[in-house]
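1. Would you be able to build a 3D model of this:
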Amino acid sequence: KIMIKQFQTQLTKRGHNIKYLLPISGGKRININYESLTIKNTTLGHFDMPMRYYQSTVLMKQTIQSGKEANETTDKTKNKVKILLSESNDPFVNLATEDYLYHHPEEKTQYLFLWQNGPTVVIGRHQNAWKECHVHKMEQDQVNLVRRHSGGGAVFQDLGNVNFTFLSPKSDYNLDVNYDIICKALGKRGIKAERSGRNDIVVIKDDEPETQYKVSGSAFKVGKDAAFHHGTMLLNVNLGSLQRYLNPHKLKLQSKGVESVAGRVINLQSIDKELDPETLKSQIIEAFMDHYNVDEVEVETINLENMENIQEWKDYHRQLEDWNFRFGKSPNFKYAFETRLEGFGMIDINLQVEGGLIKDVAVYSDSLVPAFIDALKENLIGKQYDTKGMDDVFKTLENEDIIDKDQLKNIHQWFIEQL
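-> Numbers count the residues shown, from 1 in each chain. Below is the predicted model of the structure:
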C-alpha cells in the first residue's frame with residue numbers, strides 16, 4: 001500500500017490529479033468498478049484503492065515493479081490521440097456524444113470512445129423499425145429503440161455488450177487498423193479473433209477449430225472531413241433477447257448459413273470466463289495506445305452532466321429521442337395481416353404507412369357488424385403506426401360502443417401483437 005501511495009504522489013508532482021490508474025503493461029490485469037480499483041500482481045499481492053478520493057482521470061501505460069518507483073513517462077507522442085469512457089448507459093446520451101464528436105473533432109486526432117448501453121435495439125439509418133424488430137415486445141419490456149446515423153443492420157445491446165467507436169480524420173481513416181486493434185486486444189487474452197465478411201469479427205474456439213463465431217458487428221459513416229467506425233463486442237449479452245426483439249429477414253439469415261439471429265453468435269465470456277467489461281476496455285485501450293505509439297494519455301469521462309450544457313450536443317440528443325426520427329424515418333411500406341376471431345369472424349387488414357403514419361387502409365371482413373369495420377377504417381387513417389396510435393384508435397371505438405367490449409378488447413390486443 002505504501003508503494004501504491006508513493007506512485008500516486010509521484011504522478012501528482014508531475015501535475016496529474018488521479019481518479020484511477022490503469023497499469024496495463026507488464027502482465028498486470030486491472031479490474032475497475034464504481035467502488036474501487038483492484039490491482040492484482042503476483043509480487044505485490046492485492047490492493048484496493050477507493051476511486052472516490054480522486055478528481056480526474058489519468059491512464060498510465062506503465063510497468064509496476066515490486067518495491068521500485070514507476071518508470072518515467074514522456075510527453076512525446078507520435079500521434080495525437082483522445083480516449084473517452086462513458087459513464088452513462090443511456091443510448092441517447094452515448095450516440096449523441098458520438099454525433100457531437102463526429103461533427104466537432106479536434107484536428108489531426110485519433111479518437112477511441114468506449115461505451116455501454118442498457119437494453120436497446122439500435123437500427124441503421126435507413127432501416128424500417130417495424131420490419132427489423134418486434135416493437136410491441138420492446139415496448140412491453142421497456143427496451144429502447146434508437147436509430148443511428150450510420151448504415152448497417154439492427155443490433156440488440158445490454159450491459160453485457162461493450163461498444164467501441166474509432167473516429168478519425170477522413171484522410172487517416174483506416175478500417176484495417178481499427179479491426180487490427182480490436183483483434184489484438186482480444187489476442188492479449190489468448191482469444192483467436194479475425195475480421196470476417198463486410199463488418200464482423202469472429203473468434204475460433206480451441207475445441208471447435210473449424211467453426212467461426214461472431215462476437216462483433218460494425219457500422220460506418222464517412223463524411224467530408226471525418227469518419228467513424230463503431231461496433232459491438234458481445235461479452236455476456238442476453239442471447240435470448242436477440243431472438244425476442246430482432247426480426248432479421250429470412251434472406252439475410254440464409255446468406256449467413258444460419259436459421260436464427262442467435263445461430264452464429266457467441267459471448268466472449270464463454271471462452272474467457274474472467275473477462276469483464278472493464279478488463280475488455282483496458283485491453284482495447286492498451287492495443288489502441290500500442291498502435292499509435294502513445295505512452296501516456298488523459299482518459300476523459302463522459303456523462304450527461306458534462307454534455308447537457310453544450311447546445312449542439314443537446315440538438316443531436318433531441319433528434320435521436322424524437323419519435324419522427326426513430327420511426328418516421330422508416331421507409332414507406334405496406335403491411336397486411338389477417339385472423340379469425342371467435343364470435344366476430346374473419347378480418348383482413350391492409351395498411352399503407354408513410355413516415356410512420358397510416359395513410360391508407362383497406363379492411364375486409366365477414367363480420368355481421370359492418371358499422372364497426374367502417375369506424376375502424378376511419379379511425380386508423382392518420383394515426384401513428386405504434387402502440388400509442390392503436391391505443392388511441394381503440395379508445396375512440398370503445399366510446400362509440402359499436403360492438404361488445406370483450407370483442408373490441410380481443411381485436412385491440414391482436415392489432416398490438418401485429419406491430
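2. Tell me, please, where in the stretch 151-300 of the chain the pLDDT is lower than the cut-off.
-> When residues are selected by pLDDT under 70, those of the stretch 151-300 of the chain lie in 249-263.
3. got a list of what I381 touches?
-> 358-361 (Cβ atoms under 8 Å, 6 or more residues apart in numbering). C-beta coordinates here come from the backbone N, C-alpha and C atoms, glycine included.
4. How much space separates it from F220?
-> Spatial separation of I381 from F220 under the definition Cβ to Cβ, to the nearest Å is 39 Å.
5. now E300
-> Distance from E300 to F220, by Cβ to Cβ: 23 Å.
6. where does the stretch 1-150 of the chain dip in pLDDT?
-> Within the stretch 1-150 of the chain, the stretches with pLDDT under 70 are 1-79.
7. same thing but at 90, please
-> 1-79, 124-133, 135-136, 149-150 (pLDDT under 90).
8. again with the stretch 301-419 of the chain
-> 306, 323-325, 327-350, 353-356, 362-374, 385-387, 400-406, 415-419.
9. What segments of it are strands?
-> Under the criterion DSSP state E, counting those that start in this stretch, the stretch 301-419 of the chain contains strands at 333-341, 345-354, 357-365.
10. TSV for these, including distance to Q127 and mean neighbour count?
-> Formatted as TSV, these follow (distance: least, Cβ to Cβ, whole Å; neighbours: other Cβ atoms under 10 Å):
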stretch	distance to Q127	mean neighbour count
strand 333-341	11	13
strand 345-354	14	16
strand 357-365	18	16
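11. I'd like these as JSON lines, with distance to I403 appended.
-> What follows is those, written out as JSON lines (distance: least, Cβ to Cβ, whole Å):
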{"stretch": "strand 333-341", "distance to I403": "11"}
{"stretch": "strand 345-354", "distance to I403": "11"}
{"stretch": "strand 357-365", "distance to I403": "12"}
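12. need the helices for the stretch 101-250 of the chain, in chain order.
-> Taking DSSP state H, counting those that start in this stretch as the criterion, the stretch 101-250 of the chain carries its helices at 129-132, 135-140, 175-187, 239-245, 250-256.
13. quick check, distance from the longest one to the centre of its chain.
-> Put plainly, it is helix 175-187. 19 Å (Cα atoms, centre = their mean, to the nearest Å).
14. same check, this time on the first one
-> Taking Cα atoms, centre = their mean, the mean C-alpha location of helix 129-132 is offset from the chain mean by 17 Å.
15. List of residues touching it?
-> With Cβ under 8 Å, 6+ apart, helix 129-132 has contacts from 121, 123, 135, 145, 147, 153-154, 246-249, 326-327, 330, 333, 335, 353, 385, 419.
16. Over to the third one?
-> With Cβ under 8 Å, 6+ apart as the test, helix 175-187 has contacts from 164, 166, 192-195, 201, 203, 215-216, 220, 229, 231, 233, 268, 280, 283-284, 286-288, 290-291.
17. can you rerun that using 7 Å?
-> 164, 166, 193-195, 201, 216, 229, 283-284, 287-288, 291 (Cβ atoms under 7 Å, 6 or more residues apart in numbering).
18. Can you select the buried ones among these for me in ChimeraX?
-> Buried members of the contacts of helix 175-187, defined by 16 or more other Cβ atoms under 10 Å, are picked up in ChimeraX with:
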select :164,166,193,195,201,216,229,283,284,287,288,291
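19. Using JSON lines, lay out the contacts of helix 175-187 together with distance to S367.
-> Shown next, in JSON lines, are the contacts of helix 175-187 (distance: Cβ to Cβ, whole Å):
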{"residue": "F164", "distance to S367": "54"}
{"residue": "F166", "distance to S367": "57"}
{"residue": "A193", "distance to S367": "58"}
{"residue": "E194", "distance to S367": "58"}
{"residue": "R195", "distance to S367": "56"}
{"residue": "I201", "distance to S367": "53"}
{"residue": "S216", "distance to S367": "51"}
{"residue": "H229", "distance to S367": "54"}
{"residue": "Q283", "distance to S367": "62"}
{"residue": "I284", "distance to S367": "59"}
{"residue": "A287", "distance to S367": "64"}
{"residue": "F288", "distance to S367": "63"}
{"residue": "H291", "distance to S367": "66"}
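20. Okay then, goodbye and thanks.
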